[in-house]
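Participant: Model the structure of this input:
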Amino acid sequence: MASLEQIIDDFAYLDDWEDRMSYVIELGKALPDLAPEQMTAENKVQGCASQVWLVSHSDGDAADPVMTYEGQSDAHIVRGLVAIVLAIYSGKHASEVARLDALDLFGKMRLIEYLTAQRANGLRSMVKRIREEAAMTVGAAASGPSVS
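Facilitator: The predicted structure is shown next:
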């Protein structure tokens with residue numbers, strides 16, 4: 001899977017809409033498939049016209065764990081968008097994920113302007129879900145164990 005830095009560098013050289021979309025599709029093709037048992041209703045992202053599944057993992061420091069993500073979509077372009085979102089968020093601490101708005105980066109890469117309204121809404125849904133899960137992870141650690 002391409003690193004975020006590589007993706008940003010590659011986009012800097014692509015001016016044409018078709019080249020940008022071809023590259024997004026390439027990124028999606030390189031994305032590993034989820035295991036069938038991960039493609040559950042719980043992992044499905046609501047608000048996407050295409051089917052999108054996201055799986056989050058946390059590791060390390062319980063107060064602010066490092067988050068990694070896996071994802072998949074049944075649509076070529078959306079699968080590429082998933083790959084970019086995963087490159088943006090995976091490997092960062094939950095507190096950073098909760099603060100980081102991938103949509104800003106999509107704007108800077110001049111990618112969001114090429115998306116249909118439906119795809120842009122789906123992208124927003126993916127980003128919202130990832131950020132909310134990360135915020136809950138940090139919030140759960142901050143509140144500590146409950147005492148009954």
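
Participant: pretty sure P65 contacts K92?
Facilitator: No. Under the criterion of Cβ atoms under 8 Å, P65 lies out of contact with K92, with a separation of 10.2 Å. Heads up, the C-betas are built off the backbone N, CA and C, glycines and all.

Participant: for V55, what are its contacts?
Facilitator: Residues in contact with V55 (Cβ atoms under 8 Å, 6 or more residues apart in numbering) are 34, 38, 43, 69-71.

Participant: How are the helices of this protein distributed by residue range?
Facilitator: Listed in chain order, the helices of the chain (DSSP state H) span residues 4-12, 17-30, 76-89, 94-99, 102-108, 117-143.

Participant: can you list the weak-confidence ranges in this structure?
Facilitator: Low-confidence segments of the chain, defined by pLDDT under 70: 140-148.

Participant: any idea how far the residue positioned nearest the centre of the chain is from S58?
Facilitator: With distances taken as Cα atoms, centre = their mean, the residue of the chain nearest its centroid is V85 (2.9 Å). Plainly put, V85 is 17 Å away from S58 if you go by Cβ to Cβ, to the nearest Å.

Participant: Next, the distance between the ends of stretch 40-59.
Facilitator: With Cα to Cα, to the nearest Å as the measure, the ends of stretch 40-59 fall 22 Å from one another.

Participant: Tell me the gap between it and the middle of its chain.
Facilitator: Relative to its chain's centre, stretch 40-59 lies at 10 Å (Cα atoms, centre = their mean, to the nearest Å).

Participant: All set, thanks.
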